[in-house]
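Student: okay, structure incoming, though there's no sequence with it:
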């Protein structure tokens, strides 16, 4: 596995660029290859179903 090369300022710049472009940001994450991924769209409601694209570990990692 290679070391990650992104920094917080990279994430902030990506988010600001997406917002300046007029796209609402639904979610933002770093994929396994270290790429910053921004998913456009309105934020999901708090009681929404889990994202089917996420693995079981990704959905539950905050509970650890």
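Tutor: Cool, got the structure. Treat the numbers as computed from the prediction; the structure is a model and nothing was measured.
Student: could you use CA atoms for every contact and neighbour count after this?
Tutor: Fine.
Student: tell me the SS of residue 28?
Tutor: strand (DSSP: H, G, I helix; E, B strand; the rest coil).
Student: check contacts around it.
Tutor: Residue 28 makes contacts with 15, 36, 37, 38, 39, as judged by CA atoms under 8 Å, 6 or more residues apart in numbering.
Student: just among those residues, which is most surrounded?
Tutor: Counting neighbours by other CA atoms under 10 Å, residue 15 leads the contacts of residue 28 with 19 neighbours.
Student: so what does that residue look like in phi/psi?
Tutor: Main-chain torsions, residue 15, degrees, to the nearest 10: phi -60, psi -50.
Student: again with residue 34
Tutor: Per-residue torsions, residue 34: phi 90, psi 10 (degrees, to the nearest 10).
Student: cool, residue 37 as well?
Tutor: phi -120, psi 130.
Student: hmm, residue 6 is touching residue 30, no?
Tutor: No: using CA atoms under 8 Å, residue 6 and residue 30 do not qualify as a contacting pair, with a distance of 9.1 Å.
Student: what's the closest non-adjacent residue to residue 31?
Tutor: residue 37 (6.8 Å; CA to CA, 6 or more residues apart in numbering).
Student: so who does that neighbour touch?
Tutor: Applying CA under 8 Å, 6+ apart to residue 37 gives the contacts 28, 29, 30, 31.
Student: equivalent analysis for residue 14, please.
Tutor: Contact analysis of residue 14 by CA under 8 Å, 6+ apart lists residue 36.
Student: one more: residue 24?
Tutor: Going by CA under 8 Å, 6+ apart, residue 24 touches 18, 40, 41, 42, 43.
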